[in-house]
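K.L.:
Please work out how this folds:
(one chain, ligands or ions: 1)
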Amino acid sequence: MTTVAEGSALDAAARLVGDLRPSSAVWASGLRKRYGRRTAVEDVSLEVGRGQVVGLLGPNGAGKTSVIKMLLGLVRPDAGEVLLLGRPATDPAARARVGYLPELFRYQPWLSASEVMALHIRLSGADVTAGERRDCLGLVGLAGRTDDRVGGFSKGMQQRLGLAVALVARPELVILDEPTSALDPLGRADVRDIVLDLRSRGVAVLLNSHLIGEVERVCDRVVILDHGRVAAAGTLAELLGQRELRLRLTDVPPAAQRRLAAVGRVEQSGDWYTVALPPDEAGATGATRPTGDVVPGLVAELVGLGVRVHAVEPARISLEERLLGILRTGTAGQPEGDR
Ligand SMILES: Nc1ncnc2c1ncn2[C@@H]1O[C@H](COP(=O)(O)OP(=O)(O)OP(=O)(O)O)[C@@H](O)[C@H]1O
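P.N.:
Next comes the predicted model:
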């Protein structure tokens, strides 16, 4: 039986634990890596929250893969600290809960897809049933090829297998280094759905990809690297500004003008009206959501007020435009060393 004093101490402890925020999936501070005189990464800090999808962008040689390898403990940083799921990156307990798809990989060509999976499951120490293994291969579109030798797989099929390997041990964090570089458009769409599904299940994802549209569709936050440094970081809303709606309207009575103004700031140029949408409409995560609840209601009301609606389209600077702007102005500067 618990005494009153013990009971209140237990309550206090429970409250304390309840107040603690779960540790981030990735927390890295001040990472630096030099290869000889060449600085690959300089003072990079980044965080991926639980259940968050973070995109890592940057030109060739910006240091993205070097950062990923340092996060995973595969490359030793010259400076800086990394915590994975609240533990040091070198702790096997943390690494067992991380799924990783490397940029360059090669599986044993004599093994079947199913055997490659079995090997990685054994290495991870996870308790994964044969059914889960099959489901995972099905998820990446390899259901019909489970017993085929990997040596006969196309590049895209090998990449799909790599993704299955990254996902199979029920990770809490998945790090994908160029997961779609060899995939056809259908495969890319599959990966997008898989990433969104992971997020909905609270799994954190760090995604390195040159396909900016892909990053813009799935990522909550983006970190842009240039010359080894963080050139910009933030949610899409922070990086791209407020989302707007462009409408081409004719026969707009004063009541309709007032209705538009009630949504947000309105700019008019001829028949085109640009309306700033309220922050919610841009999506709390900043993810692409061209229309939300406001838009259909607004259009219906405008039509009800006698307005002729010719076009409705989302408007905002694209991530690609923003990225090119950042890289061309070279905000990251040039780290020391022979680049
Ligand atoms: N093992 C290594 N030895 C020497 N230099 C290296 C090594 N790994 C990376 N580098 C250098 O570090 C810099 C960053 O490379 P990294 O592969 O991290 O870039 P990246 O952003 O992933 O590029 P990409 O988009 O082309 O894959 C490059 O200048 C590269 O030449």
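K.L.:
Mind giving me the packing neighbours of the helix or strand encompassing Leu239?
P.N.:
Mapping Leu239 onto the secondary structure by DSSP states H and E places it in helix 236-240. In terms of contact count using 3 or more C-beta pairs under 8 Å, 6 or more residues apart in numbering; DSSP states H and E, helix 236-240 is assigned the packing partners strand 221-226, helix 319-329. For the C-beta atoms, the positions are set from N, CA and C on the backbone; glycine is no exception.
K.L.:
Report the mean per-residue pLDDT for that helix.
P.N.:
For helix 236-240, the mean pLDDT works out to 81.
K.L.:
List every C-alpha atom in it, with coordinates, as PDB.
P.N.:
Once side chains and other backbone atoms are set aside, the C-alpha atoms of helix 236-240 remain, and they are given as PDB (Å, rounded to 0.1, in the frame of the first residue of the first chain):
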ATOM      1  CA  LEU A 236       8.100  26.300 -45.900                       C
ATOM      2  CA  ALA A 237       5.900  29.200 -44.700                       C
ATOM      3  CA  GLU A 238       8.900  30.900 -43.100                       C
ATOM      4  CA  LEU A 239      11.100  30.400 -46.200                       C
ATOM      5  CA  LEU A 240       8.500  31.100 -48.800                       C
END
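K.L.:
The helices and strands packed on helix 236-240: which one's closest to Gln268?
P.N.:
Closest approach to Gln268 among these (C-beta to C-beta): helix 319-329, 23.6 Å.
K.L.:
which of the residues in the closest one are buried?
P.N.:
Of the residues in helix 319-329, those buried by neighbour count under the rule 16 or more other C-beta atoms under 10 Å are Leu319, Arg322, Leu323, Ile326, Leu327.
K.L.:
What of stretch 108-127?
P.N.:
By 16+ other C-beta under 10 Å, the buried positions in stretch 108-127 come out as Ser112, Ala113, Ser114, Glu115, Val116, Met117, Ala118, His120, Ile121, Ser124.
K.L.:
Surely the last one touches Ala169?
P.N.:
Yes. In terms of C-beta atoms under 8 Å, Ser124 counts as a neighbour of Ala169; the distance is 4.0 Å.
K.L.:
tell me, what's touching these two both at once?
P.N.:
Taking C-beta atoms under 8 Å, 6 or more residues apart in numbering as the contact rule, Ser124 and Ala169 both touch Ala96.
K.L.:
This structure: strands as residue ranges?
P.N.:
Residue ranges of the strands in the chain, as given by DSSP state E, are 26-35, 38-48, 53-57, 79-84, 87-88, 98-101, 173-177, 204-208, 221-226, 229-235, 244-250, 266-269, 272-276, 308-315.
K.L.:
still on that earlier bit, of the buried residues of helix 319-329, which is the nearest to the ligand?
P.N.:
When these are compared for distance to the ligand, the smallest value, 12.1 Å, is given by Leu327; criterion: C-beta to the nearest ligand atom.
K.L.:
Can you tell me, leaving aside adjacent residues, what's nearest to that closest one?
P.N.:
Residue nearest to Leu327 in three dimensions, not counting chain neighbours: Asp226, with 5.7 Å by C-beta to C-beta, 6 or more residues apart in numbering.
K.L.:
for Val44, same thing?
P.N.:
Leaving out its chain neighbours, the residue that sits closest to Val44 by C-beta to C-beta, 6+ apart is Leu31, at 4.4 Å.
K.L.:
Ok, Ala62 next?
P.N.:
If the residues on either side of it in the chain are set aside, Ala62 comes closest to Leu225, at 4.2 Å by C-beta to C-beta, 6+ apart.
K.L.:
What is the burial count for Val215?
P.N.:
The number of residues packed near Val215 is 22, by other C-beta atoms under 10 Å.
K.L.:
residue contacts, Gln159?
P.N.:
The neighbourhood of Gln159, defined by C-beta under 8 Å, 6+ apart, consists of Leu101, Pro179, Thr180, Ser181, Ala182, Leu183, Gly187.
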